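> Coordinates only, no sequence provided:
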């Protein structure tokens, strides 16, 4: 894990980081588009496999996001939750409550139907807390599924 400037807000406990990820509903991917950043908000699924954090996403089988993933195979990501503004009498005294996660990782398209089925199941579970979804083969072929393996991650909390 990469260290951050505000050590007093840094979360390093893996269990707490997983709790914060579980509380998030949107992951924003940042992709390199010839030196410009393309950011896209996505719902996601998540797992930890042999202490490796892995995020799963889905989308159209064509378009800018897919092209950039195929071109660069790398992405930045951001998740946040529990935002609440704390007001004060002066502008500079305002603060906010939040939890956030920022990181980077290798991202690739999942090709095999069985792996796509499993990844979509994790996405559905994260968003509904329900398992055992059915994904017909025709539906699996009509969707692109992406896998991001985290290289670096920092977690921050301000309560």
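Sure thing, it's come through. The structure displayed is predicted, hence computed values, not measured ones.
> contacts and neighbour counts: CA atoms only from here.
Noted.
> helix, strand or coil for residue 135?
Judged by DSSP: H, G, I helix; E, B strand; the rest coil, the three-state class of residue 135 is coil.
> Could you give the secondary structure assignment for the closest residue in space to it that isn't next to it in sequence?
Setting aside the residues directly before and after it, residue 135 is nearest to residue 117 in space (C-alpha to C-alpha, 6 or more residues apart in numbering), at 6.4 Å. With three-state DSSP as the basis, the three-state label of residue 117 is helix.
> How about residue 22?
The three-state assignment at residue 22 reads helix, by three-state DSSP.
> How confident is the prediction for the residue nearest to it when sequence neighbours are not counted, by pLDDT?
Leaving out its chain neighbours, the residue that sits closest to residue 22 by C-alpha to C-alpha, 6+ apart is residue 126, at 7.2 Å. With respect to pLDDT, residue 126 has a value of 97.
> Give me the neighbour count for the residue nearest to residue 135.
By the other C-alpha atoms under 10 Å criterion, the neighbourhood of residue 117 contains 20 residues.
> quick revisit: what separation is there between the residue nearest to residue 22 and residue 116?
15 Å (C-alpha to C-alpha, to the nearest Å).
> between those two, who's got more neighbours?
residue 116 (24 against 21).
> And the pLDDT for that one?
Confidence for residue 116, expressed as pLDDT, is 96.
> Spit out the contact partners of it.
110, 140, 145 (C-alpha atoms under 8 Å, 6 or more residues apart in numbering).
> List the residues that contact the closest residue to the last one other than its chain neighbours.
Leaving aside its chain neighbours, residue 145 sits nearest to residue 58 (4.3 Å; criterion: C-alpha to C-alpha, 6+ apart). Contact criterion C-alpha under 8 Å, 6+ apart gives 42, 44, 120, 143, 144, 145, 146 as the residues in contact with residue 58.
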